[in-house]
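Asks: Turn this into a structure:
(one chain, ligands or ions: 1)
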Amino acid sequence: MTAWSRRRALRTLSLFTAVAVMPRALASAVGRLFPKPGSDNFFIRHNDQPWALETARNAYGVGPITPISHFFVRNNLPMPADTVVASPDDWMVTIEGCRDGGEITLGELKRLPIHTVANVIQCSGNGRAFFPHEPSGSPWSVGAAGCALWTGVKVSDIFERFGGLDGEYAFLTATGGEPLPAGINPDAVVVQRSVPLTKGLADCMLVWEMNGSPLPLIHGGPVRLLVPGYFGVNNVKWVKSVGPTLSETSAKIQQSGYRLRPVGERGHPDHPSMWRMPVKSWINSPGGGGRAIAPGSCDILGVAFSGERGVNQVEVSIDGGQHWQFANFIGPDLGPNAWRSFRLSTQLDPGQYRLVSRATDQAGDQQPRDRIDNERGYGHTGWHDHGIDLIVDAKATLADTSAVSAKTSVNAASGTAMAASARVQNQSAGYQLFNQKTQPSCGACHTLAAARSQGAIGPNLDQLAPNAAQIRKAVAQGVGAMPGYGEQLTSTEIEALVKFITESAGP
Ligand code: HEC
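Replies: Take a look at the predicted model:
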């Protein structure tokens, strides 16, 4: 990005910084997603600041489209205020690197040729729960993924509308419109991602509709980037600017974040970036809710996909992978970036089963048995870990409708938070470190009653109540939009922070 366009992007962002984003507004934004009271138990709530909602395994339907009400949510930062979706057509996107650079509203974008594609969006960390080294970040099992219909215009048509590219470039870079905390180097937190330009010009889109509805705020509305077949993080939400660049963005989320790196190593631009999603499948039912089922005939159901390629076949095993049978696809093939629902019809006698599935894509790649261990728990496609233990029992009823045992975060009442605050010495070393001695200070982003801090960029630590190992990892290496402090703090200082947070956090 040129210095000019960079400054411009930052200026647009700082406009948003001025808008106060109240937790209440966030809560109502997610509340509106739920079709009826109580249906939020379709989700496992890992985090609410920023949002991390996992679709429960037994809440997936059989048809290949995931309804918005059930679609997982993963945000890197708190969202823009929900006023931006009140008049979506006024949303402005800056187009860079074109002969006639400038701005375009969503209303004007809608006059370019419109396309609809089916595409799976999956978080890079989907399957993280199965890594034995407990990587930091949300412990998603299978539900950080969904398949939806996305409507919008091609990035290549937008560039054409602006006179075409004004030079030779190698990447497509998009910037998210989340408000950034003041006083922090924007590169450390901004959601700005680059993908190869050939990919960007081939099929990337700016989309404003999801399954026929205006794109909801929580999914990036009014408008987000769609990078078909690529991991979630590349599909930048609330797009404020997009353009070709010579190199990958200098933002931390690109340079060291979202890279497949060996356990214990720091992220480095040489490590592979989380771009195309390799072939993957899993079974959702029966047994996805952890309940026994009655013996007799039964359909084993799941989903399979491979970014840009589509799947060719799926095999299912009911004995943990010793014997395999071919499954059939159900429903329409919605293209190479959609997922396909599959079914194996079988008879199950009383007993214990281990259900696993293994997909092969159109290029001949097959899911491996095992995961590739990596520091952040990204890109898990191993079929072994994704299996379901199923008990078939004559005493069980036919319904497999157990309520989801969601890990719901409890809202800490302010009274109990005050009590927590009384438990600690405010002037402790940990308090100082939390609020002043760290750069940027932890309190700039996190709420923690004992620290009297009100940050809203990262999780509320009273609600999250992280354990010591979680804190050590997050502080040393950073996680998501949180910077690492490994070089800034000594191990004694990190331990003081750990002590302060573990002793004071909690509802
Ligand atoms: C620039 C904002 C920012 C600052 C400064 C910051 N954090 Fe964070 N922190 C975040 C965000 C955002 C997340 C959520 C990351 C995610 O899951 O994407 C987070 C997550 C965490 C977590 C949870 C990690 C997990 O495993 O889920 C802990 C613990 C934490 N931060 C502690 C700290 C401490 C201690 C400091 C100061 C040394 C600090 N943070 C400074 C933004 C920040």
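
Asks: what stretches of the stretch 101-250 of the chain score poorly on pLDDT?
Replies: Scanning the stretch 101-250 of the chain for pLDDT under 70 picks out no residues.

Asks: At the contact with the ligand, which residues of it appear?
Replies: Contact residues, the stretch 101-250 of the chain versus the ligand (CB under 6 Å from any ligand atom): 136-137, 181, 184, 189. (Glycine included, C-beta is placed from N, CA and C.)

Asks: Turn these into TSV, columns for secondary structure and neighbour count.
Replies: Output for those, formatted as TSV (DSSP: H, G, I helix; E, B strand; the rest coil; neighbours: other CB atoms under 10 Å):
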residue	secondary structure	neighbour count
136	coil	24
137	coil	22
181	coil	19
184	coil	18
189	helix	24
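
Asks: for those, which one is nearest the ligand?
Replies: residue 136 (3.7 Å; CB to the nearest ligand atom).

Asks: thought that closest one was touching residue 477?
Replies: Yes - under the criterion of CB atoms under 8 Å, residue 136 makes contact with residue 477 at 7.4 Å.

Asks: Start and end of stretch 45-60, how far apart?
Replies: 16 Å (CA to CA, to the nearest Å).

Asks: Now do that stretch: distance to the chain's middle.
Replies: The chain centroid and the centroid of stretch 45-60 are separated by 10 Å under CA atoms, centre = their mean, to the nearest Å.

Asks: ditto for stretch 430-438
Replies: Using CA atoms, centre = their mean, the offset of stretch 430-438 from its chain centre is 30 Å.

Asks: Any buried residues in the helix or strand residue 342 falls within, and which?
Replies: Using DSSP states H and E, residue 342 sits in strand 340-348. For strand 340-348, the buried set under the neighbour-count rule, 16 or more other CB atoms under 10 Å, comprises 340-344, 348.

Asks: repeat for stretch 251-271
Replies: Within stretch 251-271, judged by 16+ other CB under 10 Å, the buried ones are 251-261, 266-267, 271.

Asks: Not counting it itself, show me its contacts.
Replies: For stretch 251-271, contacts defined as CB atoms under 8 Å, 6 or more residues apart in numbering pick out 76, 124, 133, 186-194, 231, 233, 248-249, 272-274, 372-376, 378-379, 477-478, 480-481, 483-484, 486.

Asks: Is any residue of it near the ligand?
Replies: No - Stretch 251-271 stays clear of the ligand (CB under 6 Å from any ligand atom), getting no nearer than 9.4 Å.

Asks: In TSV: the buried residues of stretch 251-271, plus distance to residue 42, pLDDT and secondary structure.
Replies: As requested, those are exported to TSV (distance: CB to CB, whole Å; pLDDT from 0 to 100; DSSP: H, G, I helix; E, B strand; the rest coil):
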residue	distance to residue 42	pLDDT	secondary structure
251	32	96	coil
252	32	93	helix
253	28	95	helix
254	32	95	helix
255	35	94	helix
256	34	91	coil
257	29	93	coil
258	27	95	coil
259	31	95	strand
260	30	95	coil
261	33	94	coil
266	37	85	coil
267	33	81	coil
271	34	95	coil
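
Asks: In the residues you listed, find the pair that's most separated.
Replies: Spanning the widest gap among the buried residues of stretch 251-271 are 251 and 260, at 18.1 Å by CB to CB.

Asks: from the residues of the stretch 101-250 of the chain next to the ligand, which is closest to residue 286?
Replies: residue 137 (29.4 Å).

Asks: list the contacts for the closest one?
Replies: 125, 128, 376-377, 479-480 are the contacts of residue 137 under CB under 8 Å, 6+ apart.

Asks: Distance check, the nearest residue to residue 326 once chain neighbours are set aside against the ligand.
Replies: Closest residue in space to residue 326, ignoring its immediate chain neighbours: residue 315 at 5.8 Å, by CB to CB, 6 or more residues apart in numbering. According to CB to the nearest ligand atom, to the nearest Å, residue 315 and the ligand sit 34 Å apart.

Asks: A strand includes residue 315, no?
Replies: Yes - counting by DSSP: H, G, I helix; E, B strand; the rest coil, one finds residue 315 located in a strand.

Asks: The nearest residue to residue 284 once chain neighbours are set aside: how many residues sit nearby?
Replies: Spatial nearest neighbour of residue 284, chain neighbours left out: residue 60 (4.5 Å); criterion: CB to CB, 6+ apart. Neighbours of residue 60 under the rule other CB atoms under 10 Å: 24.

Asks: Repeat that for residue 164.
Replies: For residue 164, using other CB under 10 Å, the count is 12.

Asks: Please tell me how far the closest residue to it other than its chain neighbours sits from residue 377.
Replies: Nearest residue to residue 164 in three dimensions, chain neighbours excluded: residue 99, at 5.9 Å (CB to CB, 6+ apart). Distance of residue 99 to residue 377, computed by CB to CB, to the nearest Å: 43 Å.

Asks: now the stretch 401-507 of the chain, which segments are flagged as low pLDDT?
Replies: For the stretch 401-507 of the chain, the ranges with pLDDT under 70 are 401-427, 507.

Asks: For it, what lies in contact range of the ligand?
Replies: 438, 440, 442, 444-446, 457-459, 466, 470-471, 474-475, 479-483, 485, 497.

Asks: In this protein, which residue sits closest to the ligand?
Replies: residue 480 (2.2 Å).

Asks: So what's the residue count around that residue?
Replies: Residue 480: 26 neighbours (other CB under 10 Å).

Asks: for it, phi and psi?
Replies: Backbone torsions of residue 480, given as degrees, to the nearest 10, read phi 50, psi -130.

Asks: Now do the contacts for the residue nearest to residue 326.
Replies: 324-327, 357-359.

Asks: Show only the entries of these found in strands.
Replies: 325-326, 357-359 (DSSP state E).

Asks: domain assignment for the protein?
Replies: 6-255, 283-392, 406-504 (automatic domain parsing).

Asks: out of everything not next to it in sequence, what's closest to the residue nearest the centre of the chain?
Replies: Central residue of the chain (CA atoms, centre = their mean): residue 74, 3.5 Å from the mean position. What sits nearest to residue 74 in space, not counting adjacent residues and going by CB to CB, 6+ apart, is residue 123, at 4.8 Å.

Asks: Now do the contacts for the one you found.
Replies: Applying CB under 8 Å, 6+ apart, the residues near residue 123 are 72, 74, 140, 144-145, 231-233.

Asks: any idea how far it lies from residue 71?
Replies: Residue 123 is 12 Å from residue 71, by CB to CB.

Asks: do the same with residue 277
Replies: Distance from residue 277 to residue 71, by CB to CB: 16 Å.

Asks: what does residue 272 give?
Replies: For residue 272 relative to residue 71 (CB to CB), the value is 27 Å.

Asks: between the two, which one's more packed in?
Replies: A count of neighbours by other CB under 10 Å puts residue 71 above the other of residue 272 and residue 71, at 24 against 12.

Asks: isn't that one right up against residue 150?
Replies: No - using CB under 8 Å, residue 71 makes no contact with residue 150, being 11.5 Å away.

Asks: Report the set of residues contacting both of those two.
Replies: With CB under 8 Å, 6+ apart, residue 71 and residue 150 have common neighbours residue 210.

Asks: Do you have the helices of the chain handy? List them.
Replies: 3-17, 23-31, 106-109, 155-161, 186-189, 197-203, 252-255, 414-422, 429-432, 442-445, 461-464, 468-477, 491-504 (DSSP state H).

Asks: quick one: contacts for the nearest residue to residue 348 once chain neighbours are set aside?
Replies: Spatial nearest neighbour of residue 348, excluding adjacent residues (CB to CB, 6+ apart): residue 392 at 4.6 Å. Contacts for residue 392 (CB under 8 Å, 6+ apart) come out as 292-295, 348-353.
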